[in-house]
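Enquirer: 3D, please:
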Amino acid sequence: MVATGAAGTTSRRVQPIDSTKVAVRMVGVGKRYNGHDAVSGLDLEIPTGSVVGVIGPSGAGKTTTIRMITGSLAPTRGTAEVLGEPLGRRSRRTRERMGYLPQKFSLYPDLTVLENVDFVASLYGLLFARRFRRRRQVLELVDLWSVRGRRASALSGGMQRRLELAAALVHEPDLLVLDEPTAGIDPLLRRVVWDEVHRLKERGVTSVVTTQYVTEAEECDLVTLISEGRRVAFGTPDELRRMAFGGDLLEVTTERVFDVAGLGDAAGIHGVQQTGPRDFRLVVEDAGAATADVVQAITAAGADVAAVRESRPTFEEVFATLVERHRAQRAAATAEAGDGGGDGDGDGGSTAAAPTEQEAA
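Expert: Numbering: from 1, shown residues only. Just a heads-up that it's a prediction; the model follows:
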């Protein structure tokens, strides 16, 4: 997934996704609180065995979306299926195939670390031998085995987060739903969490992960960006980069001062931005195929190329570009609808700001 020539990136092995099997499907899903839309018109299709990130700022609707997937909230409108069953008619077997890590601590503060994990495992029907093995495995994974006898109330916030992750994993679910799993934990453990998510994927486990850490989009096979309760974009990290900028990006440095206007309408160049007297950024359809043509066009315009490389924008740039574009489009649609006397949304939703996820909960 990492482009050639991109500095400061690391690669990871990408497991294939069976796009013919869907773990979660949501069509036109919305949730209203007190007359406001926390989530509006959400379409989402999550292939089985994939890692899907739900990314957005606080109050964007991530937790509301997650709680509808788990079945703890019913959508106000739209349809949804999880593991082949519609929301509202979910069997016990389907619920047992899911693991959920909520945003807030929800285990028993008076029980020890080991007792909490053991209790959750028993709720999912794990018999003693398997329960005995799994509770140690998951507590060692999150580095809590050494404090297994400590009460949950005596743990730090980060340790409580790790304990909840262990409880979500203990019964080896087919669908793992993680709401902000890396919030409040150190970078080393954050890496452990993502390594475990990727390991589970190799076993066919589907993971849905919400996060405010935009850079964690790189850990996902697919990413849905949510802002103000609406889906802004959905695709692979590379597809979202192309959506944001209209293609691949090339950073070019010339030997002398060069005016990008000299490129004229060179074939294959969709956009040009001058970033310095000798530096500019080009938007092209395909960076690999266009490089030679770009060099030729610059040479024909009377300059020599000192360097040309593919640019890989950070996901912060991608996120900001897509969200700002989405907001501008909504503002324009609202203004147009106001002139015409409509609400502009087409879903009957209020244009007022939705409550934060904490208020919605």
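Enquirer: Just the strands from the stretch 101-250 of the chain, written as ranges.
Expert: Assigned by DSSP state E, counting those that start in this stretch, the stretch 101-250 of the chain shows strands spanning 175-179, 206-211, 222-227, 230-235, 248-254.
Enquirer: Please work out which of those strands is packed deepest.
Expert: Mean neighbour count, computed with mean count of other Cβ atoms under 10 Å, is highest for strand 206-211 among those, reaching a mean of 26. For every residue, glycine as well, the C-beta is placed using N, CA and C.
Enquirer: roughly how far is it from the heart of the chain?
Expert: Distance, stretch centre to chain centre, for strand 206-211: 7 Å (Cα atoms, centre = their mean, to the nearest Å).
Enquirer: same for that strand, what does it pack against?
Expert: Applying 3 or more Cβ pairs under 8 Å, 6 or more residues apart in numbering; DSSP states H and E, we find strand 206-211 packed against strand 22-33, strand 36-47, strand 51-55, helix 62-70, strand 175-179, helix 187-202.
Enquirer: on that earlier part again, let me know which of the strands of the stretch 101-250 of the chain is the nearest to residue 115.
Expert: strand 175-179 (22.6 Å; Cβ to Cβ).
Enquirer: To residue 142, which of the strands of the stretch 101-250 of the chain lies closest?
Expert: strand 175-179 (12.8 Å).
Enquirer: Surely residue 77 touches residue 30?
Expert: Yes - the pair residue 77 / residue 30 is scored as a contact, 4.7 Å apart, by Cβ atoms under 8 Å.
Enquirer: between the two, who's got more neighbours?
Expert: Neighbours of residue 77 and residue 30, each counted by other Cβ atoms under 10 Å, are more numerous for residue 30; the result is 23 against 16.
Enquirer: how about the more buried one, what does it touch?
Expert: Residues in contact with residue 30 (Cβ atoms under 8 Å, 6 or more residues apart in numbering) are 37, 39, 40, 41, 42, 75, 76, 77, 78, 347, 349.
Enquirer: which residues of the protein score low on pLDDT?
Expert: Scanning the chain with the threshold set as pLDDT under 70 gives 1-20, 262, 264-267, 340-361.
Enquirer: Do a quick rundown of the helices in it.
Expert: Applying DSSP state H to the chain gives helices spanning 62-70, 92-96, 113-123, 128-141, 157-169, 187-202, 237-245, 287-300, 315-340, 357-360.
Enquirer: Give the residue farthest from the middle of the protein.
Expert: Relative to the C-alpha centroid of the chain, counting by Cα atoms, centre = their mean, residue 302 is the outermost residue, at 44.8 Å.
Enquirer: Can you pull the phi and psi angles for that residue?
Expert: The phi/psi pair for residue 302 (degrees, to the nearest 10) reads phi 100, psi 20.
Enquirer: Look up how far residue 272 lies from it.
Expert: 16 Å (Cβ to Cβ, to the nearest Å).
Enquirer: Could you do residue 184 as well?
Expert: Residue 184 is 43 Å from residue 272, by Cβ to Cβ.
Enquirer: do the same with residue 321
Expert: Residue 321 is 17 Å from residue 272, by Cβ to Cβ.
Enquirer: higher neighbour count, these two?
Expert: Neighbours were counted for residue 321 and for residue 272 using other Cβ under 10 Å; residue 321 has more, 17 against 14.
Enquirer: so what's the nearest residue to that one once chain neighbours are set aside up against?
Expert: Distances taken as Cβ to Cβ, 6 or more residues apart in numbering put residue 244 closest to residue 321, at 4.2 Å, once the chain neighbours are dropped. Residue 244 sits next to 313, 317, 318, 321, 322, 325 when contact means Cβ under 8 Å, 6+ apart.
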